[in-house]
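Novice: Predicted model, plus sequence, below.
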Amino acid sequence: MLLNIAYSQSDSSQSNNQAAVPYKTKERLKEIYDENLFSPKSFRGTWLPDGSGYLVLEDELGKAAEVLVFYAVSDGKRIEVISPDKFRVHGYSDNFKIENYVISSDGDKILLQLSGKDKKNSKPDYWMLDRKTGALEKVTAGTNSSISPDGKQILYSDQGNLYINDLTNDKITQVTFDAVAETISNGRAVWSPDGSSIAFVQTNASDVRKRSSLIPGDPTYPKVEEQRYARVGGNISVLRVGVVDTAGKETKWLPIPIPKEGYYLGEVSWAGNSDEVLVEKRSRFRDERQFLIANINSGKTTNIYQESDPAWVVASYGTNGGVDWVHNYSNFIVLTEKDGWRHAYLGSREGKKEVLLTPGNYDVIGRVGLDESKGWFYYYASPDKGTQKYLYRVRFDGKGKAERITPTDRPGTHNYEMSPDGEWAFHTYSSANTPPVTELVKLPEHKVVRVLEDNSDLREKIKSLDAQPKEFLRVDIGDGVVMDAWMIKPMDFDPSRKYPVFVYVYGEPHGQTVMDSWGHAMADYHRVIADLGYLVVSIDNRGTPCPKGAAWRRAVAGSLGPLSTEEQAAGLYELERGRPYVDLSRVGIWGWSGGGSNTLNAMFRKPDLYDVGIAVAPKPQPDLYNAWFQEIYMNTPEVNPEGYRESAPINFAEGLKGDLLIIHGTGETNTHIEITEGLVDRLIEMGKTFDYMAYPNRNHGLMEGKGTPLHMRLLMVRYLLTHLPPGPQ
């Protein structure tokens, strides 16, 4: 049976077999999704190149316009760099907005992108500010603008081609000429250090198949548009790296071999001079990567680093990507998992012996920055808990031991944006139960200079809820597999009674759900669900990108789905042991995207455990998904037919016993609705009872259209209340 479930604000309009959503629940969800009362404020500062201070966009007091402000790190002195008054004289209203700004390499010039002058004209305006003289000049610029090293030219792209605006004479020079709409584009452009050349990446999608989709408009005569979509096993875009002079007279293509199946590119940048370009080349299936240096004059290409792994070297989240140059570009720091852990190594441009900088059985979670003058590499790690993140540093000459910089008295997640000189940082701290605070800190002593955002209003709001804290658990399912999990209990929790369980699952290599940080994994929504009378639980199985070693992350290589299904179920059984309040006779599960797929796998493969499932934007036929993501972990069906068969929820749909709700947007550009409709047809063919809600013209995030986020959450709540009644027994 196929049902489209409609939402009504009036409880009286609910059909008799549908549970009503409590008024308080509705109001809280409105506060979350309509009024954003639970969204923390974030601090967004941009460091000046010399680290002397930073720029911040602030709202003009009592008005809608914005002010660009400079703050000195030494004494906190505040200087208005751009105020609305400077633009009102040019005809801008108080509603104008600074959409973006770019700082020159010496910090003396700022390129501003503005909107709001003319509602009829959707194109932005660009202005260049000279910080030394205060001069403000309207200029021609465009997408992905950047300022030349000498501050006299602007590089930008327009309709797939690159242009340079010479500010000394207002001359616009087109430097690439081969762009074709929706087929060939030139981007990722980078100035050479001397400003004489541009390195860029050309993307040619000519051989990538097109797929048709409807364009919202006249419902009687809808229009159709075609978009390139590289499906698993199909052709992908052809990439090549070019270097063009600023006059646009000559383009040199780097001699990088293009294999028949294609490849991807990571970092493309200049290697410390204006003659050599660094290119990070990744194989199509991400099982190999190379760092190449190409000399644009001689055409010689040198391989300075290479690694391979039959599972994968660089997964889609790209933590390992790129290098950090040190010692005046003679050495580089690279992140690699080749010894079983993600570690930082010091490599040599000449290919000499590598030096392991971060020894030990723990992962580097990610880079933070360099203090080149003192020889320190800063990075994130959490050797003891894969749910947390702290700042460490190590000397990049390979001498000495790693030092933890983050104080030990604030467990949770710490993020840093270091100044270019390595002396300062914007430090944001939060935990699962503590809203974020952002401070300016002095490094390495971690001295707090001033608080930049404390989210005091949100803290008071959270206190007023009197909600149960999110609890972190370790779930040991045997054979050395210990998974991290969290649980949120109802507000009036009684440990002597048994509660239904509602699982939030993702379970794929693109993200963790169990992290000790504020708001992670839709925490606000899950607190609402818990207070209805559920134990809300999430578990990170093997294959999720936890900092627990390469073997953990690569355990799912070859087939996404089977292992996560088994370990999620095993985790629930282990969770029940020693916790009599966990009622596994009443279990629901939900997830989004890859989590939607794992929800389907749970409902189809473990029907005796899961009673209710809500799958949002799933991909029940992974062979129809995009090549960029799926092939990292599973190669192609031609090479790995059994892996794809075992991964696809559609192949196990006959196992469905419980209540299933599938939610999808018809405007999907990621997990296209047709991928899900194949499963819908299969369930209909088998006579299975399920529910299906299609949101018109919504994309993967289901955000388009007024009221959509709230409507979807209320739909989910009502479905859960109807099919998995809450409360203790």
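Specialist: Sure thing, it's come through.

Novice: Any regions of the stretch 601-729 of the chain where pLDDT drops low?
Specialist: The stretch 601-729 of the chain contains no residues with pLDDT under 70.

Novice: Do a quick rundown of the strands in the stretch 401-550 of the chain.
Specialist: 403-404, 413-418, 424-431, 434-442, 447-453, 471-476, 482-488, 499-504, 535-540 (DSSP state E, counting those that start in this stretch).

Novice: show me the contacts for Thr358.
Specialist: When contacts are counted by Cβ atoms under 8 Å, 6 or more residues apart in numbering, Thr358 touches His343, Ala344, Val364, Tyr379, Ala381, Val394, Ala402. The way it works is simple: take the backbone N, C-alpha and C, and place the C-beta from them, glycine included.

Novice: And for Asn670?
Specialist: Asn670 touches Ser593, Ala617, Asn626, Asn699, His700, counting by Cβ under 8 Å, 6+ apart.

Novice: run the last query once more with 10 Å
Specialist: Tyr229, Ser593, Ala617, Lys619, Tyr625, Asn626, Phe629, Asn699, His700, Gly701 (Cβ atoms under 10 Å, 6 or more residues apart in numbering).

Novice: same question, Ile98
Specialist: Applying Cβ under 10 Å, 6+ apart, the residues contacting Ile98 are 57, 65-68, 82, 84, 87, 112-116, 127.

Novice: State the pLDDT value of Lys97.
Specialist: Note for Lys97: predicted pLDDT of 83.

Novice: next one: the one 5 residues further on
Specialist: The predicted structure scores Val102 at 97 on the pLDDT scale.

Novice: which secondary structure element contains it?
Specialist: Under DSSP states H and E, the secondary-structure element containing Val102 is strand 97-103.

Novice: Now do that strand: distance to the chain's middle.
Specialist: 22 Å (Cα atoms, centre = their mean, to the nearest Å).

Novice: buried residues in it?
Specialist: Of the residues in strand 97-103, Lys97, Ile98, Tyr101, Val102, Ile103 count as buried by neighbour count, 16 or more other Cβ atoms under 10 Å.

Novice: Out of those residues, which comes closest to Met712?
Specialist: For the buried residues of strand 97-103, the residue nearest Met712 by Cβ to Cβ is Lys97; the value is 28.8 Å.

Novice: What are the buried residues along the lowest-mean-pLDDT helix or strand in the chain?
Specialist: One helix or strand of the chain scores below all others by mean pLDDT, DSSP states H and E: helix 85-88, with a mean of 82. Buried residues in helix 85-88, defined by neighbour count with 16+ other Cβ under 10 Å: Lys86, Phe87.

Novice: Does anything pack onto that helix? Which helices or strands?
Specialist: Here helix 85-88 touches strand 125-130, going by 3 or more Cβ pairs under 10 Å, 6 or more residues apart in numbering; DSSP states H and E.

Novice: partners of the strand it packs on in the sheet?
Specialist: strand 109-115 (antiparallel), strand 136-139 (antiparallel) (DSSP bridges).

Novice: Can I get that strand in PDB, CA atoms only?
Specialist: The C-alpha coordinates for strand 125-130 follow below in PDB (Å, rounded to 0.1, in the frame of the first residue of the first chain):
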ATOM      1  CA  ASP A 125      28.800  44.500  -7.400                       C
ATOM      2  CA  TYR A 126      32.500  44.500  -6.700                       C
ATOM      3  CA  TRP A 127      34.600  47.200  -4.900                       C
ATOM      4  CA  MET A 128      38.200  47.400  -4.100                       C
ATOM      5  CA  LEU A 129      39.300  49.100  -0.900                       C
ATOM      6  CA  ASP A 130      42.900  50.300  -0.300                       C
END
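
Novice: Buried residues in it, which are they?
Specialist: Asp125, Tyr126, Trp127, Met128, Leu129.

Novice: quick check, distance from it to the centre of its chain.
Specialist: That offset, for strand 125-130, works out to 30 Å (Cα atoms, centre = their mean).

Novice: could you give the mean pLDDT of it?
Specialist: 95.

Novice: Which helix or which strand is home to Glu27?
Specialist: helix 23-33.

Novice: about what we covered before: tell me the angle of the strand holding Val102 relative to strand 125-130?
Specialist: 40 degrees (axes from the mean of the first three to the mean of the last three Cα atoms, to 10 degrees).

Novice: Partner strands of strand 97-103, with direction?
Specialist: Strand pairing (DSSP bridges) places strand 97-103 next to strand 109-115 (antiparallel).

Novice: Show the average pLDDT along the partner strand.
Specialist: Mean pLDDT, strand 109-115: 93.

Novice: again with stretch 454-467
Specialist: 93.

Novice: Which positions in that stretch come out as buried?
Specialist: Result for stretch 454-467 [16+ other Cβ under 10 Å]: buried residues Asn455, Leu458, Ile462, Ala467.

Novice: and that stretch, C-alpha only, in CSV?
Specialist: Written as CSV, here are the backbone C-alpha positions of stretch 454-467 (Å, rounded to 0.1, in the frame of the first residue of the first chain):
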residue,chain,number,x,y,z
ASP,A,454,29.8,32.9,24.5
ASN,A,455,26.2,32.0,23.3
SER,A,456,24.9,33.0,26.7
ASP,A,457,21.2,33.2,25.5
LEU,A,458,21.4,29.7,24.2
ARG,A,459,22.8,28.5,27.5
GLU,A,460,19.9,29.9,29.4
LYS,A,461,17.5,28.4,26.9
ILE,A,462,19.0,25.0,27.4
LYS,A,463,18.9,25.3,31.1
SER,A,464,15.2,26.0,31.1
LEU,A,465,14.5,22.7,29.3
ASP,A,466,15.8,20.7,32.2
ALA,A,467,16.6,17.9,29.7
